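Asker: what's the 3D shape of this:
(2 chains)
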2 protein chains.
Amino acid sequence: MPTFNRIAVVGAGLIGGSILLAAAQRGLAKSYAGWSRSEKARETLKNYQVAEIFEQLTDCVRGADLIIVATPVDRMREVFAAIGPFLSPGALVTDAGSVKALVLSDAKVLPRGVHFVGAHPMAGSEKAGAAHAAANLFQNRLCFITPTGQEDPAAVKKITLFWEALGSTISTIDAAKHDQIVAAISHLPHAAASALMLAVQAAPGFQVQAAGQGLRDATRIAAGEEHLWTGILLANAAHVIQGLKEVERQTSALRQALEQGQADKVCEILAQARLARQSLDRSHEK
Amino acid sequence: MPTFNRIAVVGAGLIGGSILLAAAQRGLAKSYAGWSRSEKARETLKNYQVAEIFEQLTDCVRGADLIIVATPVDRMREVFAAIGPFLSPGALVTDAGSVKALVLSDAKVLPRGVHFVGAHPMAGSEKAGAAHAAANLFQNRLCFITPTGQEDPAAVKKITLFWEALGSTISTIDAAKHDQIVAAISHLPHAAASALMLAVQAAPGFQVQAAGQGLRDATRIAAGEEHLWTGILLANAAHVIQGLKEVERQTSALRQALEQGQADKVCEILAQARLARQSLDRSHEK
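Answerer: Now for the predicted structure:
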């Protein structure tokens, strides 16, 4: 693993904070820098005692040879624009955003002579914030890397080795394909769980005290921070909209089968869903 | 706790099997009887070595003073009709069905002189079958008891004490209200998780290998056995249909906000869902 002189993490919530902790624990750089917009988050980061924490974004990235932008995706463009003039020539910039096509496009504001490679560690949680960060957050998790083919191969290699060093399994993939995959397995479930939670709350029989593990699990991801998720859903809107239309179609098909008392049809729908769900567990057990 | 001479459990899957194990462990009767339609389940029940297991339903209930019908809800009417002539005068019949208005109506086929009290232990799982039964399944779980007001109060008291003896917290409630509650917190989430699972599977980007804990949790209950759930959803169809319509409305509202790029509206929907979901955890922590 080639190490870095100085790693700067920009936007240190759950993901950024965990990157600092994980990189420091593994000694991937000689020094570390961190920045967060929030004073509270900066205090949390200081308490890690692994990085120099800055109030000014531009101070954070100065002199760093690896800069990881871990802000919400809808803030990345302004971050790239702001840090560009302060980056060292040859510096390597990457991100940890849940959407990749938009971020690759936003990264075009970075100056020539700076390398950018997009990445997405699949390690979120409904528990947001640097206070929940952990050095092992990326261990045995999937990390997507989405080169465009225009990058310096050495830069792609460095980012790949970086995430491998944090314990992740790498999937190198086209950004558009990435966005389609995460729409299906992450963004669509988030949107659907939110809609379900609101429907449950609106139901005349809803009683918090009666709620069991089934409802809790089915809606857990809906507890995610809304600004973060608004940015993600809008940045991947085309795929998410397509998925939500299919949720509406499937929900309506099941409802109509119930309305018409078609036991065979209801049973067939539920059987297909069971088989699909069981395929997730078989994959997990591999 | 008044004990029974002989407890008969009819239809011994996860719930029925667990009732036999739990009652035997706590010594709630002098003897136990069990019946299942399935030979494989009967073998599993025999291996518990706590109950006499019968191939004939009518043999199972003969001489029992407490009969617990734990079949799928859409089979209860035929079970009540079949066992009626073989019950001892004064025998107490109860059930463990997820829907109560229909079961109370079905129980009217029981002969005069036999007591019926409806019950619903909230202790299901997507892992069906007697092989997953456990003596502690009902410990610290909610159990609904739904008297009509026409019962012998002593019979209601006995059923209440029985479920308390298995470790459950009792909620005594009107059957119609019960069905409304479980539609909101259990049947609707099951139907919606099934629809989501099918939509995820249909999404062009779906990759089993990329699925994480969020998707797994959001769809876990969709792995439930389809015949059991077809019976439940149809038996509680009016409430479930109403709930699914609301899921469709909420899903469509979120989709339209995304289509129109209304960040504030998306954020407001997600914030409401987050607050609703967090209220479940606060209730849990009490």
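
Asker: Break down the stretch 1-150 of chain A into its strands, ranges please.
Answerer: Ranges of strands in the stretch 1-150 of chain A, per DSSP state E, counting those that start in this stretch, are A:4-10, A:29-35, A:52-54, A:66-69, A:92-95, A:115-117, A:119-121, A:142-145.

Asker: count of neighbours near A:Pro111?
Answerer: 13 (other CB atoms under 10 Å in any protein chain shown). All C-beta spots, glycine's among them, are computed from the backbone N, C-alpha and C.

Asker: which residue packs closest to it, ignoring adjacent ones?
Answerer: What sits nearest to A:Pro111 in space, not counting adjacent residues and going by CB to CB, 6 or more residues apart in numbering or on different chains, is A:Gly84, at 4.9 Å.

Asker: tell me the pLDDT at the one you found?
Answerer: The confidence metric pLDDT takes the value 97 at A:Gly84.

Asker: quick one: it and B:Ala101, what's the gap?
Answerer: 66 Å (CB to CB, to the nearest Å).

Asker: Compare these two and say which one has the larger neighbour count.
Answerer: More crowded of A:Gly84 and B:Ala101, by other CB under 10 Å: B:Ala101, with 20 against 17.

Asker: measure the more buried one to B:His178 for me?
Answerer: For B:Ala101, the distance to B:His178 - CB to CB - is 8 Å.

Asker: about what we covered before: mind checking the strands of the stretch 1-150 of chain A for the one nearest to chain B?
Answerer: Chain B sits nearest to strand A:142-145 of all the strands of the stretch 1-150 of chain A, at 6.2 Å, using CB to the nearest CB.

Asker: Please tell me I have it right and A:Ala119 contacts A:Phe138.
Answerer: No: assessed by CB atoms under 8 Å, A:Ala119 is found out of contact with A:Phe138, at 10.7 Å.

Asker: intersection of neighbour lists for those two?
Answerer: Residues touching both A:Ala119 and A:Phe138 by CB atoms under 8 Å, 6 or more residues apart in numbering or on different chains: A:Trp163.

Asker: what about the helices in chain A?
Answerer: Taking DSSP state H to define them, one finds helices in chain A at A:14-25, A:39-48, A:57-61, A:76-83, A:101-106, A:153-165, A:175-182, A:188-202, A:213-219, A:226-235, A:237-259, A:263-285.

Asker: So which bits of the shortest one are buried?
Answerer: Think helix A:57-61. A:57, A:60-61 (16 or more other CB atoms under 10 Å in any protein chain shown).

Asker: For it, C-alpha coordinates in PDB please.
Answerer: The C-alpha coordinates for helix A:57-61 follow below in PDB (Å, rounded to 0.1, in the frame of the first residue of the first chain):
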ATOM      1  CA  LEU A  57     -12.300  24.500   4.100                       C
ATOM      2  CA  THR A  58      -9.400  25.900   2.000                       C
ATOM      3  CA  ASP A  59      -7.000  25.500   5.000                       C
ATOM      4  CA  CYS A  60      -8.000  21.900   5.300                       C
ATOM      5  CA  VAL A  61      -6.900  20.800   1.800                       C
END
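
Asker: mean confidence for that helix?
Answerer: 97.

Asker: Kindly report the same for the last one.
Answerer: Helix A:263-285 carries an average pLDDT of 90.

Asker: Pull the number of nearby residues for whatever residue of the stretch 1-150 of chain A ends up closest to chain B.
Answerer: Sorted by distance to chain B under CB to the nearest CB, the residues of the stretch 1-150 of chain A start with A:Met122, at 5.6 Å. Using other CB under 10 Å, A:Met122 is surrounded by 22 other residues.

Asker: Tell me the spacing between it and A:Gly97.
Answerer: To A:Gly97, A:Met122 is 12 Å away according to CB to CB.

Asker: and if you look at A:Ile241?
Answerer: For A:Ile241 relative to A:Gly97 (CB to CB), the value is 19 Å.

Asker: more crowded one of those two?
Answerer: Using other CB under 10 Å as the criterion, A:Ile241 and A:Gly97 rank with A:Gly97 on top: 27 against 18.

Asker: so the more buried one touches A:Pro121, yeah?
Answerer: No: between A:Gly97 and A:Pro121 there is no contact under CB under 8 Å: 9.9 Å.

Asker: can you pull the contacts of A:Lys30?
Answerer: Residues near A:Lys30 by CB under 8 Å, 6+ apart: A:3-6.

Asker: Including neighbour count, could these go into JSON lines?
Answerer: Shown next, in JSON lines, are those (neighbours: other CB atoms under 10 Å in any protein chain shown):
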{"residue": "A:Thr3", "neighbour count": "16"}
{"residue": "A:Phe4", "neighbour count": "20"}
{"residue": "A:Asn5", "neighbour count": "12"}
{"residue": "A:Arg6", "neighbour count": "20"}
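
Asker: Just give me the closest of the residues you listed to A:Leu196.
Answerer: A:Phe4 (43.5 Å; CB to CB).

Asker: you'd agree that closest one is up against A:Asp65?
Answerer: Yes: applying CB under 8 Å as the test, A:Phe4 and A:Asp65 come out as touching, 5.1 Å apart.

Asker: give me the residue from the stretch 51-200 of chain A nearest chain B.
Answerer: Residue nearest to chain B within the stretch 51-200 of chain A: A:Gln180 (3.1 Å; CB to the nearest CB).

Asker: list the contacts for that residue?
Answerer: Contacts of A:Gln180 (CB under 8 Å, 6+ apart): A:239, B:203-205.

Asker: which non-adjacent residue is nearest it?
Answerer: Sequence neighbours aside, B:Gly205 is the residue nearest to A:Gln180 in space, at 3.1 Å (criterion: CB to CB, 6+ apart).

Asker: A:His115 too?
Answerer: Closest residue to A:His115 in three dimensions, ignoring its sequence neighbours and counting by CB to CB, 6+ apart: A:Ala155, at 3.9 Å.

Asker: Can you give me the neighbour number for the one you found?
Answerer: If you count neighbours by other CB under 10 Å, A:Ala155 ends up with 18.

Asker: what's the answer for A:Ala123, then?
Answerer: 23.

Asker: Likewise for A:Ala276?
Answerer: A:Ala276 - counted by other CB under 10 Å - has 22 other residues nearby.

Asker: Quick check: the gap between the residue nearest to it when sequence neighbours are not counted and B:Glu226.
Answerer: Using CB to CB, 6+ apart and skipping residues adjacent in sequence, the residue nearest A:Ala276 is B:Gln201, 4.3 Å away. Separation of B:Gln201 from B:Glu226 (CB to CB): 15 Å.

Asker: just A:Ala131 next, same as before
Answerer: For A:Ala131 relative to B:Glu226 (CB to CB), the value is 42 Å.

Asker: And A:Ala238, by the same measure?
Answerer: 33 Å.

Asker: Next up, the contacts around the nearest residue to A:Trp229 once chain neighbours are set aside.
Answerer: Nearest non-adjacent residue to A:Trp229, counting by CB to CB, 6+ apart: B:Leu270, 5.3 Å away. With contacts defined as CB under 8 Å, 6+ apart, the neighbours of B:Leu270 are A:194, A:222, A:224, A:226, A:229-230, A:233.

Asker: So which of those residues is the closest to B:His187?
Answerer: Set against B:His187, the nearest of the contacts of B:Leu270 by CB to CB is A:Ala222 (18.6 Å).

Asker: Tell me who's in contact with that closest one.
Answerer: Contact partners of A:Ala222, counting by CB under 8 Å, 6+ apart, are A:126, A:190, A:193-194, A:196-197, B:270, B:273-274, B:276-277.

Asker: got those as JSON lines, with distance to B:Ala257 columns?
Answerer: Output for these, formatted as JSON lines (distance: CB to CB, whole Å):
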{"residue": "A:Glu126", "distance to B:Ala257": "21"}
{"residue": "A:His190", "distance to B:Ala257": "14"}
{"residue": "A:Ala193", "distance to B:Ala257": "16"}
{"residue": "A:Ser194", "distance to B:Ala257": "11"}
{"residue": "A:Leu196", "distance to B:Ala257": "17"}
{"residue": "A:Met197", "distance to B:Ala257": "16"}
{"residue": "B:Leu270", "distance to B:Ala257": "10"}
{"residue": "B:Ala273", "distance to B:Ala257": "13"}
{"residue": "B:Arg274", "distance to B:Ala257": "16"}
{"residue": "B:Ala276", "distance to B:Ala257": "17"}
{"residue": "B:Arg277", "distance to B:Ala257": "19"}
